[in-house]
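Asks: this one's sequence-less:
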C-alpha cells in the first residue's frame, strides 16, 4: 500500500513545523574543562547541570542515578565500542554499575538497568543532529529495565543496517514515569517503541516512529497512562499492538498516521484518539483483483445524518474496491439490502476503481464497465459507461463507535451505497 498525496502533504507540514520550532534555539556549549568540576571517573559536571559527553564510552560511564547527560551533536556508532567492551572485565563496562552489554544473535546490545532520575538529551533541539545507531539487526538499540523518572529527548535512534530486523529501537521493561520528547525512531527496527510488562506511565511528545519492519508500537502488560501527543507514525509494516490491562489507558492526542498504521488503529478498540489525522485508507486499496470466499466484512456505521462529505481524491480511489450495502430508490425511498457477507458470486454487489482509469460496478445479474475520473473541487466521481454517466460521492463516518468510508453511486434511479 502507498501513502496518499494528502497525507504526504500533512506529514511534510508537520515536520516543517517541527523543524521551525527546532531552530528556535540550541543548548549552550559546554564550558572549558577548567571551569567545570571533575569527578573520580574523569567526567565533568558543568555549571549548567549536565554531563557533556562526546563518546560512547563516556556516555555509558556517565549513566548513574540523577544524571542529566547532554550528548554532543554527531553520529554515534555504539557497536564499535560495545564490542570491544564486551570482551573485557567479565562482559561489563569498566566502572559502570548501571550498564550491561548482552550478546544477541549477531552482536552486542546495550541494557541500562535500575537507574532512577536519568535524563539523556541530544546536543541541540534538532533531533537529527544527534544520532545513536547499532550494527546488529537482531539487537535493540536501547533497552531500559527497572528505570524510573526517565527522560529521552532530541535524538535519532536506529539500526545502521537497514535490512530485516528482529531487534527493536527502544524497549522499556518494568520502567515507570518515562518521557520521550522530540525523538526520531526509525526501522529496520522490528518495533519502534516496545512498552513492555510492568511499565507504568509513558508520555511521548513530538516524536516520529517510521519504517519499522513489523510495527510502530508494541504495548502490553502496562499500567497507568500511555500517551502519545503530536506524534507521527508512518512507513512501518503496521501500527503495532496494544494489549490493554485493567489499569492501563492509551491515548493518541493530535497524532498523524500513515496508511498501514491507520489500517491497524482505526479498527482497534480500547484506546482514545483525540483530533488525530488518519491516512485516506480503504481496506481494499492495492486490491489484487480477486474476491475470496468469505469476502465480506462488517461495514462501518451507516447513518447518513452523521456522514461528512469527503473529497474525491484520485489518489484515494486508485486501486480501491468496494462492497455493496444497500440500494435506495430515488423518489420512493424503497430500499434493497445486499448480503455483504454472502459467499455466492452471483449475489455480490461490488465496485472497483483501477489506477488506469477503468473499473466496473457489479450488481446481481449485471456488470457495468466504466471509465472514471475524480473532481476534487466538486467532490464528484464521474463514471462513463455505454453512453451513460454515473455520479459518485464519498462520505466518512466518524463516531466513538465507528470510523470508515462510504461511497454512493447514482444509477438507474437508485442510490447505491457501498463501503
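Replies: Sure, I can see it. Nothing here was measured: the structure is a model prediction, and the numbers come from that model. Numbering: from 1, shown residues only.

Asks: and the helices in the stretch 251-400 of the chain?
Replies: 259-265, 314-317 (DSSP state H, counting those that start in this stretch).

Asks: from those helices, which stretch is densest packed?
Replies: helix 259-265 (a mean of 22; mean count of other CB atoms under 10 Å). No exception for glycine: its C-beta is placed from N, CA and C like everyone else's.

Asks: report the distance from that one to the chain centre.
Replies: 8 Å (CA atoms, centre = their mean, to the nearest Å).

Asks: what's the weakest-modelled helix or strand in the chain?
Replies: helix 5-22 (a mean of 41; mean pLDDT, DSSP states H and E).

Asks: dump the helices of the stretch 251-400 of the chain to a markdown table, plus mean pLDDT and distance to residue 362.
Replies: Shown next, in a markdown table, are the helices of the stretch 251-400 of the chain (pLDDT from 0 to 100; distance: least, CB to CB, whole Å):
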| stretch | mean pLDDT | distance to residue 362 |
| --- | --- | --- |
| helix 259-265 | 86 | 25 |
| helix 314-317 | 82 | 17 |
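
Asks: of those helices, which is nearest residue 71?
Replies: Of all the helices of the stretch 251-400 of the chain, helix 259-265 sits nearest to residue 71, with 28.9 Å by CB to CB.

Asks: check which helices and strands that closest one sits against.
Replies: For helix 259-265, there is no helix or strand it packs on, judged by 3 or more CB pairs under 8 Å, 6 or more residues apart in numbering; DSSP states H and E.

Asks: what separation do you get for the residue nearest to residue 215 when sequence neighbours are not counted and residue 250?
Replies: Excluding the flanking residues, the one nearest residue 215 by CB to CB, 6 or more residues apart in numbering is residue 240, at 3.4 Å. According to CB to CB, to the nearest Å, residue 240 and residue 250 sit 11 Å apart.

Asks: neighbour-wise, which of those two wins?
Replies: The neighbour comparison of residue 240 against residue 250 (other CB atoms under 10 Å) goes to residue 240, with 24 against 21.

Asks: okay, that one: pLDDT?
Replies: Here, the pLDDT recorded for residue 240 equals 93.

Asks: who touches it in this structure?
Replies: 191-192, 214-219, 261, 264 (CB atoms under 8 Å, 6 or more residues apart in numbering).

Asks: change it to 7 Å
Replies: 191, 215-218, 264 (CB atoms under 7 Å, 6 or more residues apart in numbering).

Asks: how about CSV for those, with distance to residue 204 and secondary structure added?
Replies: Listed next are the contacts of residue 240 as CSV, based on distance: CB to CB, whole Å; DSSP: H, G, I helix; E, B strand; the rest coil:
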residue, distance to residue 204, secondary structure
191, 14, strand
215, 15, strand
216, 11, strand
217, 9, strand
218, 14, strand
264, 17, helix
